[in-house]
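Visitor: Provide a 3D model corresponding to the input given below.
(2 chains)
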Amino acid sequence: MKHVLIAVGCDVYDNSRSLDGAENDARNIFSLLTDIKYGFCEADCSTLILSPSLTELQRGLLDASKSLLPGDVVTFYFAGHGYVKGNIFYMCCRDTQVDRIGVSALPLNNLLSLIHEVTPSHANLIIDACNSGGVMGDFNRVLSPDTIGSAATTGITLLAACAQDQFAAEVNGEGLCTSIIIRCINGTTFVQDLDVALDLASISTIVSRDLRQTNQQPAYWGLNLTGRPNFCTNPHFSGDSDLRRTLAEARPMAMLPGTANTIQNLYSEIDHGWVPKNLQQVLAKVLPSGGDPGSNLSFLNNLANAMRQRAGQSHDPFREIEVVVTCLSPLLVHCKRQPVIESYVIGRCVDLGVRIVEICQDIHEELLRDEFALLGDTGVGELFILPGRITSLLGWLGWAIVVSRTSGGDATTAEGLAGRLLAIILDKYQGSVRAMTDAQAPALLVIAVALKATEARENLEKFAGLYFLDLCEAKGLISRTDMDSSFIIDFLLSKSDRDPNAPETIANPSTFLCVLLLLAKELELEDAFDLGMSDLDHRNANAFIPSSYSDFAFVKIDDGYNATFQIGHGIWRVADFSEKWNGLVRPVTESAGISLLSTACSLIYPDRIAWHLLD
Amino acid sequence: MTRRVPFQPPDSFGEAVRECMTERMAESQKQLVLTMISPENVLNYSHGSSWKHPALPSAVDGEMKTHSAEFAMPFRRIVDGDLSIMRESIEQVALQMKVQFAQSVYGLMSETCERSGNTVDTKEAGGFAEAFERMLQKIEFGVDSKGNVSLPEIHVADAGPIIAALEGQTKEYGARIEALIKAKSESALAEEVIRKAKFEKQP
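Guide: Residues are numbered from 1 along each chain as shown, chains lettered A, B, ... in the order given. Model (predicted):
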């Protein structure tokens, strides 16, 4: 399929007032649309005709039509005098005589007949001439029911510069209508940035808007049976069109003012400023819990796909996983009552699980080549970040194992990989298996549950033991999940000195401590852990138990309770803790989708723990 | 090709940590600098890179000098979770900055004294004690903002030999030094009275 342009500009008239800008307009349109930067038309097949006689114009059309094949796209542009007589619109040529117009000018009918004969897939017609709105009469005759609707019907888009009883103005040597079109083509005027190409319909909207300030009233007509017809490239197109389209389509969902921009900003920050909680907060506003589940699913699916595309280009291989889970997390509230959403969530979880295994395989290979492959570029900040990175890596792989088991898949590949990664970490990164932040707690629980009944059990016990040892050495000091980055150095110095005098950084109570005490029981490490309990004297451990795991994606989960345990006050041994824990009333997950997605939520919003994994 | 590392924090994290670390280093360096210069003699400029004292011909013009320090953190120590590397780095940088600052301060002081002839030679004087006496004779004491005489400070890497030499002197020497200090102090206070009097409107 090729694009062919026929551009006609007639300034010189033997029997009428000459014009100043018609030739110039035709030249400009021709040079833009045959420039690959702006247009799709092939210069070799396209024709520029300036101030032709009727014969020259007819010959020019005939020659140009020879290169046209069925299925091609043709654009016809005319600037010059126009005239309506007997409900027929005529394009005036150099030698046109108004009193003999029927035989001295080109009626639009002839052009439409030619199009009808050649059957291009689409024809764009632009007439910047006086009375050009008169073309509508021709269309009514040509386009009868028997000529449209068949498979080969040509789509036609027509833009006429003015109504049939109006003049088309020229300003400073250029047609007013054409100058607006040109500004749309070259990007001076913004049309839209959703699509890689602009169609004449979009441009017509701009022409109508901009001509509104004048008396000139353009006419637009379109018949399109074959999809969006391209007219020119879109200079404002950007790669995030999927996201923009998603946001545009979401407007009926009472999108709050400014929210689309906020999501757009979060999208652009995916690589360098990604914080899941920021998107979580926006989605909570956009999608109130009582919203229509179907609309939510459609919006979130599109949003996840658009953002995943961007995240796939990130320097962080796990960014796409985190982004998709964040986008899908609001669906958690619908899983219980909406089988379609439950099924969708499980499907996406399985897909993500497979992808996580692929990513972890790459990381494993990289670690074999470079023992520092897990080291980031935050300098001294790595002392804090690296321990969390290790826990997250294993936590997500643990989640992939849980997904595989829950969905009836084969988890052996993921289990083997997790075992090998754990072995490398204990070998090369043992010093970074440290309890730095409560945000490590959810991932530790997930990997422990995933590996406790596998061949990696022994290494898992060592892994949990290292965290407990580190926590005991630091007298239970561990940072809060919401600690500001500016306190990292204070916290590290405080941990290094075992000095608790940085209370704004310390998690009190600590969920990580709670998870460790639970794992002591799960992994039968009670005796070893009991030896260190006195180092944790007076420290508080906490478990927030939600009323329902369906609420797990909320920014703040209101329904539920905090169970706080103070070491040395009713808890002296792991067994004391286990006994109290067993007495707690805990909800069960109501479906597989809720179980999987709530666990994933705990990994992206680490101020909550998927305790159901232990049940 | 850029390395792909999982679970990277936002760029702002690295910036915040670096900023915090720099603040710690600056704080540490500031404390070390204050051991050499009184806080009231520290001038802060927002613009330019040099300064003059148009009303004080005896003062030395100066210009900004850049001091820099670096520290290295081996990957292995980070991977090993060695938290002591942080304090080491802070102290290491502060010390490097102090050394450079001292070189600037003493270099400028030495240059100024050479130019004004305010120097003494221990060998020529016949020993530390004699040089010390000559030094007191040559310099003028100052008066601080509270009206107290500022006695001169001696900055040496090893003060032992000087102290030993002074302690081994006769009573007469001690009396001479005390008289010298008294006279210099009185002179400084008298100069201060004259200086202050200049604020008063002349008849």
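Visitor: show me the helices in the stretch 101-250 of chain A, by range?
Guide: Under the criterion DSSP state H, counting those that start in this stretch, helices of the stretch 101-250 of chain A are mapped to A:101-104, A:108-118, A:135-142, A:176-186, A:200-211, A:241-249.
Visitor: right, so those helices: which one is the most enclosed?
Guide: helix A:176-186 (a mean of 22; mean count of other C-beta atoms under 10 Å in any protein chain shown). Where C-beta positions appear, they are placed from N, C-alpha and C, glycine not excepted.
Visitor: name the residues that touch that helix?
Guide: Contact with helix A:176-186 is made by A:21, A:25, A:28-29, A:32-33, A:38-39, A:79, A:126, A:128, A:159, A:161-162, A:168-171, A:174, A:188-189, A:191, A:198, A:202-203, A:206-207, A:210-211, A:214, A:216, A:218, A:232, A:235, as judged by C-beta atoms under 8 Å, 6 or more residues apart in numbering or on different chains.
Visitor: phi, psi for the residue nearest the centre of chain B please.
Guide: Compute the mean C-alpha point of chain B, and by C-alpha atoms, centre = their mean the closest residue is B:M36, 3.1 Å away. With angles defined as degrees, to the nearest 10, B:M36 sits at phi -110, psi -30.
Visitor: for it, which non-adjacent residue is spatially closest?
Guide: Excluding the flanking residues, the one nearest B:M36 by C-beta to C-beta, 6 or more residues apart in numbering or on different chains is B:V105, at 6.0 Å.
Visitor: what's the pLDDT at the one you found?
Guide: With respect to pLDDT, B:V105 scores 85.
Visitor: please apply the same query to A:R244.
Guide: pLDDT, read off for A:R244, is 66.
Visitor: count of residues packed around A:D271?
Guide: 16 (other C-beta atoms under 10 Å in any protein chain shown).
Visitor: so it versus B:P9, what's the distance?
Guide: Plainly put, A:D271 is 12 Å away from B:P9 if you go by C-beta to C-beta, to the nearest Å.
Visitor: next one: A:N234
Guide: From A:N234 to B:P9 the distance is 36 Å (C-beta to C-beta).
Visitor: just B:A129 next, same as before
Guide: 63 Å.
Visitor: more neighbours, these two?
Guide: More crowded of B:A129 and B:P9, by other C-beta under 10 Å: B:P9, with 23 against 20.
Visitor: what sits against the more buried one?
Guide: A:376, A:378, A:381, A:385, A:485 are the contacts of B:P9 under C-beta under 8 Å, 6+ apart.
Visitor: what do you get for A:V354?
Guide: A:A400.
Visitor: name the SS class of the closest residue to A:P500 other than its chain neighbours, please.
Guide: In space, A:P500 comes closest to A:L477 once its chain neighbours are excluded; the distance is 6.0 Å by C-beta to C-beta, 6+ apart. Classification of A:L477 using DSSP: H, G, I helix; E, B strand; the rest coil returns coil.
Visitor: what segments of chain B are helices?
Guide: Under the criterion DSSP state H, chain B contains helices at B:11-33, B:75-79, B:84-116, B:122-125, B:128-138, B:160-167, B:171-197.
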